[in-house]
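only geometry, no sequence info:
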């Protein structure tokens, strides 16, 4: 049981770092600066609209 959790953690880290490296290679190929956001490493965005207080 504990080994399975360790493998899930290891695979998750591998995918996150691989995604960072892939995004960095794409940025370098396009001539853009590499952006590293530690709070949102996968650059995920909310799909629901933001509430506006206009009435």
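Yes, it's here. Only a predicted model underlies this, so the values are computations on that prediction, with no experimental measurement involved. Residues are numbered from 1 along each chain as shown.

Distance from the chain centre to stretch 3-15, please.
16 Å (Cα atoms, centre = their mean, to the nearest Å).

Quick check: buried residues in it?
Using 16 or more other Cβ atoms under 10 Å as the burial criterion, none of the residues of stretch 3-15 qualify. (Glycine included, C-beta is placed from N, CA and C.)

now do stretch 19-37
Residues of stretch 19-37 classed as buried under the neighbour-count rule (16+ other Cβ under 10 Å) are 20, 23.

now swap in stretch 35-55 and tell me
Residues of stretch 35-55 include none that count as buried (16+ other Cβ under 10 Å).

Let me see the mean pLDDT of it.
This predicted structure assigns stretch 35-55 an average pLDDT of 75.

Can you pull out the residues in contact with it?
Contacts of stretch 35-55 from elsewhere in the structure, counted by Cβ atoms under 8 Å, 6 or more residues apart in numbering, are 16, 19-20, 23, 27.

okay if I get these as TSV plus distance to residue 4 and pLDDT?
Below are the contacts of stretch 35-55 laid out as TSV (distance: Cβ to Cβ, whole Å; pLDDT from 0 to 100):
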residue	distance to residue 4	pLDDT
16	19	85
19	23	85
20	25	84
23	29	86
27	35	87
